[in-house]
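Undergrad: sequence isn't available, so here's the structure alone:
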């Protein structure tokens, strides 16, 4: 299990390094998704399956989709077609495919039962987490909901079209 | 034996990821990459919390990770709205274009 952890950690570090050094935003986001997936695998190995699922769904799913939407919105110029051509070169898939292939092999190895038994010992499941979340941490949940509401209103206010006296 | 993976390994990994995010934050000038680096740093902090929760087999670390997730969601929505506004005003993603204040 330590070997699995080390391989996933190496994938995470390599893909994060590629994120901060890449020039193209879409390539960097692709590598960031792989980094988040490997961190999700590390969460699973650390006995936190609920958090691992949330990492995949919310971080690698929702937040990355937001980023990609913004990148696509920003590139609505006449350069779009040649940029798309540049983005979709077949060679650029090699790095992400290799790194995510390593993660897929690890996943199969964990689930196949040939590796360590799939329920990680001393795992803290979603039951304990939610019991703690809605027990002693209830006020924090309320504060998080207020924060999300403020973020929603702030994003709407900042992102709207400014008409009138500002122009 | 509570854990098979030593907590030190996970903490070292969290430190490395945090340092990479900080380096990206300091080096890049594109505001989109700055937001991505902030996401990396938040994720590394969450990894440290989960590793600590695993070390003592308590759910508190995962609860803290959920709160970090909510913070990251709010932060990224406001940040991306700022990116759109910056691009609309200055037609560039260079953050130095917005280095001066009005009034």
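TA: On my side now, so go ahead. As the structure is a computational prediction, the values presented were derived from the model and not from experiment.

Undergrad: who's in contact with stretch B:18-29?
TA: Stretch B:18-29 is contacted from outside by A:13, A:16-17, A:19-20, B:33-34, B:36-41, B:43-45, B:48, B:94-96, using C-beta atoms under 8 Å, 6 or more residues apart in numbering or on different chains. All C-beta atoms are positioned from the backbone trio N, CA, C, and that covers glycine.

Undergrad: quick one: mean pLDDT over that stretch.
TA: For stretch B:18-29, mean pLDDT rounds to 90.

Undergrad: and stretch B:95-103, by the same measure?
TA: Stretch B:95-103 comes out at a mean pLDDT of 77.

Undergrad: count of residues packed around residue B:87?
TA: Number of residues near residue B:87 (other C-beta atoms under 10 Å in any protein chain shown) recorded here: 17.

Undergrad: which residues touch the closest residue to it other than its chain neighbours?
TA: Setting aside the residues directly before and after it, residue B:87 is nearest to residue A:74 in space (C-beta to C-beta, 6 or more residues apart in numbering or on different chains), at 5.5 Å. The contact partners of residue A:74, by C-beta under 8 Å, 6+ apart, come to B:83, B:84, B:87, B:93.

Undergrad: out of those residues, which is most surrounded?
TA: residue B:83 (24 neighbours).

Undergrad: so what pLDDT did residue 14 get?
TA: Just going to use chain A. 93.

Undergrad: actually, chain B is the one I wanted.
TA: Residue B:14 is assigned a predicted lDDT (pLDDT) of 94.

Undergrad: isn't it up against residue B:44?
TA: Yes. Between residue B:14 and residue B:44 there is a contact at 4.8 Å, judged by C-beta atoms under 8 Å.

Undergrad: now do the helices in chain B.
TA: B:7-27, B:31-55, B:60-90 (DSSP state H).

Undergrad: need those in CSV (columns: distance to residue A:95).
TA: Formatted as CSV, these follow (distance: least, C-beta to C-beta, whole Å):
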stretch, distance to residue A:95
helix B:7-27, 17
helix B:31-55, 17
helix B:60-90, 24
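
Undergrad: buried residues in stretch B:18-38?
TA: When burial is assessed from 16 or more other C-beta atoms under 10 Å in any protein chain shown, stretch B:18-38 yields the following buried residues: B:18, B:20-22, B:24-25, B:28, B:30-38.

Undergrad: nope, stretch A:65-74 is what I meant
TA: Result for stretch A:65-74 [16+ other C-beta under 10 Å]: buried residues A:66, A:67, A:70, A:71, A:74.

Undergrad: coming back round to it: identify the farthest-apart pair in the contacts of residue A:74.
TA: Farthest pair in those (C-beta to C-beta) is B:84 and B:93. Separation: 10.5 Å.

Undergrad: related to what we said a few turns ago, ok, of the contacts of stretch B:18-29, which come out buried?
TA: Counted by 16+ other C-beta under 10 Å, those give A:13, A:16-17, A:19-20, B:33-34, B:36-41, B:43-45, B:48, B:95 as buried.

Undergrad: is there proximity between whichever strand or helix holds residue A:100 and chain B?
TA: Per DSSP states H and E, residue A:100 falls inside helix A:94-111. No. Helix A:94-111 stays clear of chain B (C-beta under 8 Å from any C-beta of the partner chain), getting no nearer than 12.9 Å.

Undergrad: quick check: mean pLDDT across that helix?
TA: For helix A:94-111, the per-residue pLDDT averages 81.

Undergrad: kindly report the same for stretch A:27-44.
TA: For stretch A:27-44, the mean pLDDT works out to 91.

Undergrad: buried ones in it, by neighbour count?
TA: So for stretch A:27-44, counting by 16+ other C-beta under 10 Å, buried means A:27-44.

Undergrad: what subset of those is also close to chain B?
TA: Here is what survives when these are matched to chain B using C-beta under 8 Å from any C-beta: A:28, A:29, A:32, A:35, A:36, A:39, A:42, A:43.

Undergrad: skip the chain neighbours and tell me the closest residue to the most centrally placed residue in chain A.
TA: In chain A, the centroid-proximal residue (C-alpha atoms, centre = their mean) is residue A:60; its distance is 2.5 Å. Leaving aside its sequence neighbours, residue A:60 sits nearest to residue A:36 (C-beta to C-beta, 6+ apart; 4.3 Å).
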